[in-house]
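In: Attaching a predicted model along with its sequence, questions to come.
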Amino acid sequence: MLTVTACGYRLEGRGLVHPGVSRVGVTVFANRTAQTHAGIDFTNELIREIQDRTDTRVVDPDEAAYLIEGAVTSITFSTLSRSSTENVTERRVRAMVDVQLLSPDKTVIWSVSQFTAVESYAVGSNRIDDTANIRQAIEIIAERIAERIVSQMSADF
């Protein structure tokens, strides 16, 4: 076990979100899409992932030396399958975000641009069902992106 930890490997849920960052504030992601809750969904998933998987404490952005800012830059849809020429049965949603970690002097110390994830969903039989399916797909994407961002941000070996 000593050789594994000496190589930089660590158990999931250990370590800081980024070397030296024990407390971080996360601002609500800017939402540059037509999906109303996207900025909040991505922000909440990132906060949850930091809290669940790292030893970094999430604090109010006004009280934080380090700050994570992000933006949901696009959410696009494409057709995956049809039951006929006119009837779409499954779509794919693709979301793209930009995220940066700022130091106390507001210097960017880590960033990622055009970070993308996709999820498919069944087209609902009515507008209410379809809206719920879209929302669920976006929430799944937000969770995936948050996991990958925290993993990449905390990779220090």
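Out: Perfect, I can see it now. Numbering: from 1, shown residues only.

In: Give me the three-state assignment for Lys116.
Out: Just to correct that, residue 116 is Thr rather than Lys. strand (DSSP: H, G, I helix; E, B strand; the rest coil).

In: so what's it closest to, chain neighbours aside?
Out: Met96 (4.9 Å; Cβ to Cβ, 6 or more residues apart in numbering). Every residue, glycine included, has its C-beta placed from N, CA and C.

In: what sits against the one you found?
Out: Listed by Cβ atoms under 8 Å, 6 or more residues apart in numbering, the contact set of Met96 reads 72-75, 114-116.

In: Wait, Ile75 touches Ala38, no?
Out: Yes. Ile75 is within contact range of Ala38, at 6.1 Å (criterion: Cβ atoms under 8 Å).

In: can I assume Tyr85 sits in a strand?
Out: Careful, residue 85 is Thr; it's not Tyr. No. Assigned with three-state DSSP, Thr85 falls outside any strand and is coil.

In: if we can go back for a sec, the more surrounded of Ile75 and Ala38?
Out: Ala38 (25 against 20; other Cβ atoms under 10 Å).

In: Quick check: that one vs Tyr66, distance?
Out: With the distance defined as Cβ to Cβ, to the nearest Å, Ala38 ends up 24 Å from Tyr66.

In: Quick check: mean pLDDT of the longest helix along the chain?
Out: Identified as the longest helix of the chain according to DSSP state H is helix 127-154. Average pLDDT, helix 127-154: 95.

In: Right, I'll call it a day here.
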